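Participant: Can you look at this prediction? I've put the sequence above it.
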Amino acid sequence: MVDLIASDGTRLNYLEYGDPDGRPVVLVAGFKAPATSWRYQVKPLARAGYRVIALDRRGHGKSEAGVGEPTMERHGRDIRDLLDALDLADATLVGQSMGGDALWALAAEHGTDRVRDLVIVDQTPCMLNTDDWAHGFYDYDEQNRDTYFATGIPDPRRFPAKSKGLVRIARLLTSLEVPRGGPPAFTEAELALLNDHATRDWRPVVAACEVPVLFIAGAESEFWPADHAAAAAGLNPLADSVVIPRDGHAANIEQPALFNRILLDRLEAVSAS
């Protein structure tokens, strides 16, 4: 457990594993998820010789929330602060859910000069369904754009928890550190961040990205159709996609063995290119 002081003075926590001289892999978790949610990835990555860094985004895990309005731009800046503070180069950045959109915020505002490639885990680049994009959050459109996420994350009632089976549910509860009694209430700052995240359209950033991108989708994602990955990859000739069967939104947790194989194969392929 290590502290980083972000450019606005906020203390951020990150975890580090593996060879300090290895090629860096930075793991960025989703909304409400701590850095420890990557527990199934850090050991395989470290054994493969990588320098593994898992970031607690501000307001998540053991990182401070900071001051000011919560925005995706600030979360992207924090990732840039991490890359600069550790002088990371040729890094693979892996972002799950909102963590994936934090990577697009980084690319939009600060570029990808320290980045070898990106891996986006079950996150559509546009959560709003429109006439030209049918790969957003289920039932989220212009009619409820400003209210759908007002009190938290809606349940679209696709692929309910009971359909996952005991093993997948146990992995989720352990990795996401869900407290007894269920998820806690959302703070005002968390709701502001969630709304900011939900209303963004990162498709132009995806299209302009100058490094390779892999979009990974869970075939049984609770939040959006799995074809969002192929649709997002179609925006950029450097991008491709894969769908993991019998896997939900937390694709790195529910089917970790298959996810790790895909990620390690990708890392080896990109390193060889």
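Facilitator: Yes, it's here.

Participant: All the helices of this protein, residue numbers only.
Facilitator: Under the criterion DSSP state H, the chain contains helices at 39-47, 72-85, 98-110, 166-175, 188-198, 203-208, 228-233, 251-254, 256-272.

Participant: State the pLDDT value of Arg246.
Facilitator: On pLDDT, Arg246 comes in at 91.

Participant: In this structure it contacts Leu258, no?
Facilitator: No. Between Arg246 and Leu258 there is no contact under CB atoms under 8 Å: 9.0 Å. C-betas here are computed from N, CA, C, even on glycine.

Participant: State the distance from Ile79 to Tyr138.
Facilitator: Counting by CB to CB, to the nearest Å, the separation of Ile79 from Tyr138 is 28 Å.

Participant: Ala33 now?
Facilitator: Going from Ala33 to Tyr138 by CB to CB gives 20 Å.

Participant: Next: Trp38.
Facilitator: To Tyr138, Trp38 is 26 Å away according to CB to CB.

Participant: neighbour count winner among those two?
Facilitator: The neighbour count for Trp38 versus Tyr138, taken as other CB atoms under 10 Å, is higher for Trp38 (28 against 16).

Participant: Mind pulling the model confidence for the more buried one?
Facilitator: pLDDT, read off for Trp38, is 96.

Participant: Surely it touches Leu55?
Facilitator: No. Look at Trp38 against Leu55 with CB under 8 Å: they stay out of range, at 9.7 Å.

Participant: list residues touching both of these two?
Facilitator: With contacts defined as CB atoms under 8 Å, 6 or more residues apart in numbering, the residues shared by Trp38 and Leu55 are 27, 29.

Participant: Asp155: neighbouring residues, count only.
Facilitator: For Asp155, the neighbour count with other CB under 10 Å is 11.

Participant: And Asp139, by the same measure?
Facilitator: If you count neighbours by other CB under 10 Å, Asp139 ends up with 13.

Participant: what's the closest non-adjacent residue to it?
Facilitator: In space, and not counting its chain neighbours, Asp139 is closest to Pro156: 5.8 Å by CB to CB, 6 or more residues apart in numbering.

Participant: ok, now which ones touch that neighbour?
Facilitator: Pro156 makes contact with 137-139, 222-223, according to CB under 8 Å, 6+ apart.

Participant: From these, pick the one nearest Leu191.
Facilitator: Phe137 (15.5 Å; CB to CB).

Participant: what separates the nearest residue to that closest one once chain neighbours are set aside from Ala46, distance-wise?
Facilitator: Distance criterion CB to CB, 6+ apart; nearest residue to Phe137, sequence neighbours excluded, is Met127 at 4.5 Å. Between Met127 and Ala46 the distance is 33 Å, computed by CB to CB.

Participant: where does the stretch 1-150 of the chain have low pLDDT?
Facilitator: Applying pLDDT under 70 to the stretch 1-150 of the chain picks out residues 1.

Participant: at 80 instead, please
Facilitator: Confidence mapping of the stretch 1-150 of the chain against pLDDT under 80 gives the ranges 1-2.

Participant: Nearest the middle, which residue of the chain would you pick?
Facilitator: Compute the mean C-alpha point of the chain, and by CA atoms, centre = their mean the closest residue is Gln96, 2.1 Å away.

Participant: ok, now which ones touch that one?
Facilitator: 27-30, 33, 37, 121-123, 250-252.

Participant: next one: Ala229
Facilitator: Ala229 is in contact with 122, 215-217, 241-243, counting by CB under 8 Å, 6+ apart.

Participant: how long is stretch 123-131 from one end to the other?
Facilitator: The first and final residues of stretch 123-131 sit 19 Å from each other (CA to CA, to the nearest Å).

Participant: Could you pull out the buried residues of it?
Facilitator: By 16 or more other CB atoms under 10 Å, the buried positions in stretch 123-131 come out as 123-129.

Participant: Kindly provide the distance from Gln41 to Glu69.
Facilitator: Using CB to CB, Gln41 is found at 31 Å from Glu69.
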